[in-house]
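Asker: Quick one, what's the 3D model for this:
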Amino acid sequence: MDDLQLTRIAGDENCNRDDCPTIYRTSRGTIAVQGDHLVNQVTPSGEAIVEIPEELLRKAFRALGG
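Answerer: As a prediction, the model looks like this:
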């Protein structure tokens, strides 16, 4: 399997750590999100639900030309 490369699309510009909500474009042609992990009993094994601010999605949409 190829090494996954992430390119930052949108995030908090004032975050000086790597633990802030962020949206990335991947080298696989997909979008990856980083956010707070939410515990959910119905999430299948190997998957997770993350929470990110709505404004961050809007920034990512604009950055992608939307």
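Asker: mind listing what the helix or strand bottoming out on mean pLDDT in the chain pairs with, with the direction of each?
Answerer: Least confident helix or strand, the chain: strand 36-38 with a mean of 85, by mean pLDDT, DSSP states H and E. When pairing is defined by DSSP bridges, strand 36-38 lines up against strand 49-51 (antiparallel).
Asker: who touches the strand it pairs with?
Answerer: Pro21, Val33, Gln34, Gly35, Asp36, His37, Leu38, Asn40, Thr43 (Cβ atoms under 8 Å, 6 or more residues apart in numbering). (C-beta placed from N, C-alpha, C; glycine too.)
Asker: Redo those as JSON lines? Include neighbour count and distance to Glu51.
Answerer: Shown next, in JSON lines, are the contacts of strand 49-51 (neighbours: other Cβ atoms under 10 Å; distance: Cβ to Cβ, whole Å):
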{"residue": "Pro21", "neighbour count": "19", "distance to Glu51": "8"}
{"residue": "Val33", "neighbour count": "16", "distance to Glu51": "9"}
{"residue": "Gln34", "neighbour count": "18", "distance to Glu51": "11"}
{"residue": "Gly35", "neighbour count": "17", "distance to Glu51": "5"}
{"residue": "Asp36", "neighbour count": "10", "distance to Glu51": "5"}
{"residue": "His37", "neighbour count": "11", "distance to Glu51": "8"}
{"residue": "Leu38", "neighbour count": "10", "distance to Glu51": "5"}
{"residue": "Asn40", "neighbour count": "9", "distance to Glu51": "11"}
{"residue": "Thr43", "neighbour count": "12", "distance to Glu51": "13"}
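Asker: of those residues, closest to Ile9?
Answerer: Val33 (9.8 Å; Cβ to Cβ).
Asker: which element is that closest one on?
Answerer: Assessed by DSSP states H and E, Val33 sits inside strand 31-34.
Asker: and that strand, what other elements does it pack with?
Answerer: strand 6-11, strand 22-26 (3 or more Cβ pairs under 8 Å, 6 or more residues apart in numbering; DSSP states H and E).
Asker: give me that answer again for 10 Å
Answerer: strand 6-11, strand 22-26, strand 49-51, helix 54-63 (3 or more Cβ pairs under 10 Å, 6 or more residues apart in numbering; DSSP states H and E).
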